[in-house]
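Chemist: Make a model of this:
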Amino acid sequence: MKRGWLVFMWALIGAVVGQLFGAALAHYVPFLNYHIPLGMAPATIDLNFLVVTFGVSFKLTVGGAIGLVLALWLALR
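Modeler: Got it, this is the predicted structure:
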């Protein structure tokens with residue numbers, strides 16, 4: 001169980017670092033900042049006394065995907 005959380009944290013850190021490198025190097029290597037928006041639009045449930053809004057979105061860039069793959073490779077080797 002503990003290894004699963006460790007792999008998840010490696011993947012999250014790798015994706016974030018990859019996003020940062022992709023954004024920093026976008027001027028020199030533009031394809032690193034290309035992205036695919038993933039997620040769902042916000043959905044609202046209004047019960048007159050309670051309003052709940054659900055929604056999630058991700059922006060996965062090429063740099064983030066490279067960082068994610070490298071982090072998973074390091075975590076699982």
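Chemist: Now do stretch 33-42, average pLDDT.
Modeler: Average pLDDT, stretch 33-42: 88.
Chemist: Enumerate the beta-bridge partners assigned to residue 45.
Modeler: With DSSP bridges applied, residue 45 shows beta-bridge pairing to residue 52.
Chemist: measure it to residue 3 for me?
Modeler: Between residue 45 and residue 3 the computed distance is 37 Å (CB to CB, to the nearest Å). The way it works is simple: take the backbone N, C-alpha and C, and place the C-beta from them, glycine included.
Chemist: now residue 74
Modeler: Relative to residue 3, and taking CB to CB, residue 74 is found at 14 Å.
Chemist: which residues touch the helix or strand harbouring residue 8?
Modeler: Element membership for residue 8 (DSSP states H and E) is helix 2-24. Outside helix 2-24, the residues within contact range by CB atoms under 8 Å, 6 or more residues apart in numbering are 32-33, 60-72, 74-76.
Chemist: Flag every buried residue along it.
Modeler: For helix 2-24, the neighbour count (16 or more other CB atoms under 10 Å) marks 10, 11, 14, 15, 17, 18, 19, 21, 22 as buried.
Chemist: Next, format these as JSON lines and append pLDDT.
Modeler: Formatted as JSON lines, the buried residues of helix 2-24 follow (pLDDT from 0 to 100):
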{"residue": "10", "pLDDT": "90"}
{"residue": "11", "pLDDT": "90"}
{"residue": "14", "pLDDT": "92"}
{"residue": "15", "pLDDT": "91"}
{"residue": "17", "pLDDT": "93"}
{"residue": "18", "pLDDT": "92"}
{"residue": "19", "pLDDT": "91"}
{"residue": "21", "pLDDT": "91"}
{"residue": "22", "pLDDT": "90"}
